[in-house]
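Novice: here are the coordinates; sequence isn't available:
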């Protein structure tokens, strides 16, 4: 009797395992290989804001935006989870520029802007900088192989300091921060 019970339990467990395997294989067969989504979260926010400013009847959230395309008639189509919206291309471009300007700067955009400003200032002084710590936006600055000091940018603005543990000298720009390190503009020989 115990043998029959154990055999039945083993068969039940095997049947359950087979069902799980079958459902997993079915799910994998239906799954399409993931593709990279061309729209970023910021893009979706911009598009949703424009749709909400239009006469579109539904409230559009960024996660509702599925895709966007332009047809040959210069009509911009926005596909959302609850329908489609269409816009003329030129007014849509203007709306994108307006909404983009009103959105706060992303950390990546801030870092790119600060990096470009630092590169320009360093080249003016004949300096170069080490690897940037992107979280705090700070780096070491060198002239040749010699360490000149440290520069960075916080919420309060640019700063420079000659030694690692010396106090920060606040500045309005990367150029002013480098000047606070007592460096002069490079002169052609």
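Specialist: Sure, I can see it. Everything quoted here is computed from the prediction, not taken from an experiment.
Novice: the residue most central in space within the chain: what secondary structure?
Specialist: Geometric centre of the chain, nearest residue: residue 108, 5.7 Å, by C-alpha atoms, centre = their mean. Using DSSP: H, G, I helix; E, B strand; the rest coil, the structure places residue 108 in helix.
Novice: list the residues that contact it.
Specialist: Listed by C-beta atoms under 8 Å, 6 or more residues apart in numbering, the contact set of residue 108 is empty. Quick note: C-beta positions are derived from backbone N, CA and C, even for glycine.
Novice: so where's this protein uncertain?
Specialist: For the chain, residues meeting the criterion pLDDT under 70 lie at 1-7, 10-11, 29-36, 186-189.
Novice: report all helices and strands that the biggest strand by length in it contacts.
Specialist: Longest strand in the chain, counting residues (DSSP state E): strand 146-154. Applying 3 or more C-beta pairs under 8 Å, 6 or more residues apart in numbering; DSSP states H and E, we find strand 146-154 packed against strand 138-143, strand 157-161, helix 174-179.
Novice: any chance of the ones you listed in JSON lines with distance to residue 115 and mean neighbour count as columns?
Specialist: JSON lines is the format used below for the helices and strands packed on strand 146-154 (distance: least, C-beta to C-beta, whole Å; neighbours: other C-beta atoms under 10 Å):
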{"stretch": "strand 138-143", "distance to residue 115": "9", "mean neighbour count": "18"}
{"stretch": "strand 157-161", "distance to residue 115": "13", "mean neighbour count": "20"}
{"stretch": "helix 174-179", "distance to residue 115": "10", "mean neighbour count": "22"}
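Novice: out of those, which gets nearest to residue 89?
Specialist: Comparing the helices and strands packed on strand 146-154 by their distance to residue 89 (C-beta to C-beta), the top pick is helix 174-179, with 38.0 Å.
Novice: same for that closest one, what does it pack against?
Specialist: helix 107-125, strand 146-154, strand 157-161, strand 169-171.
Novice: just put these in TSV and tack on distance to residue 68.
Specialist: Below are these laid out as TSV (distance: least, C-beta to C-beta, whole Å):
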stretch	distance to residue 68
helix 107-125	21
strand 146-154	34
strand 157-161	37
strand 169-171	42
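Novice: looking at the record's assignment, how would you partition the protein?
Specialist: Structural domains assigned to the chain are 41-102, 113-179, following automatic domain parsing.
Novice: quick revisit: residue 53 is nearest to which of the helices and strands packed on strand 146-154?
Specialist: By C-beta to C-beta (comparing all of the helices and strands packed on strand 146-154), the closest turns out to be strand 157-161, at 34.1 Å.
Novice: any residues touching that closest one, and which ones?
Specialist: Against strand 157-161 from outside (C-beta under 8 Å, 6+ apart): 149-153, 167-174, 176-181.
Novice: alright, calling it a day.
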